[in-house]
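A.B. asks: Here is a sequence with its predicted model. Questions after.
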Amino acid sequence: MIALAAYSSTRLDLKQISKIYILAAYLGFLAWLLRELGSLPDGNGLVSIAWGLTVSTLLWVGLRKNQLEYFKTGLATLVLIAIKLLVIDFSNLNVIWRILIFMGFGGVFLFLSYWIKDLWNMKTSDKPT
C-alpha cells in the first residue's frame, strides 16, 4: 500500500493531490517502521534511530535538490522524534540506550545547525526590497 501510494503520486497530474499521496506514503512508512521495530526488545530506541536516519535522508535530499517540501517534512518529523524521545523513550529505555540516542540526536542537531547554512540554496523571490 505504501509503494502504491508513492507510485500513484508520480502518476497524478494534480500537484496538491500528488503531495497528499506522497505524504500518506511517507507517514505509512514511518508507521510501518514503528510497527515492525517497536515490537523488538528495546524497539523504541530502534524506531528512533530508524526515523532519525529517514529524516537525515529527507533533509539532505531537500537541501541538495532545493525541495522546500522535503525539507519542511524532515524538520516536522525531527520535531516529532524529539517529542517521542522526551515522552516515550525517556521512560521505557535502558539507561545506556537513553544516553546513546540522546547523544546521537544531539550530534544530529549540532550537525544540522552548523552545515545547514552551507547547503541552503532554496530559491527566494526576486522582489526588490
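C.D. replies: Arrived safely.
A.B. asks: Can you point out the buried residues in stretch 80-89?
C.D. replies: Neighbour counts over stretch 80-89 (16 or more other Cβ atoms under 10 Å) mark 81, 84-85, 89 as buried. (Each C-beta comes from the backbone N, C-alpha and C, glycine too.)
A.B. asks: from these, which ones fall inside helices?
C.D. replies: Among these, the ones falling in helices (DSSP state H) are 81, 84.
A.B. asks: and the least confident of the buried residues of stretch 80-89?
C.D. replies: Here the lowest pLDDT out of these sits on Asp89, with 74.
A.B. asks: where does this structure have low pLDDT?
C.D. replies: Within the chain, the stretches with pLDDT under 70 are 1-2, 5, 7, 9, 12, 117-129.
A.B. asks: Recalculate using a threshold of 90.
C.D. replies: Within the chain, the stretches with pLDDT under 90 are 1-29, 32, 34, 37-49, 52-53, 55-75, 77-129.
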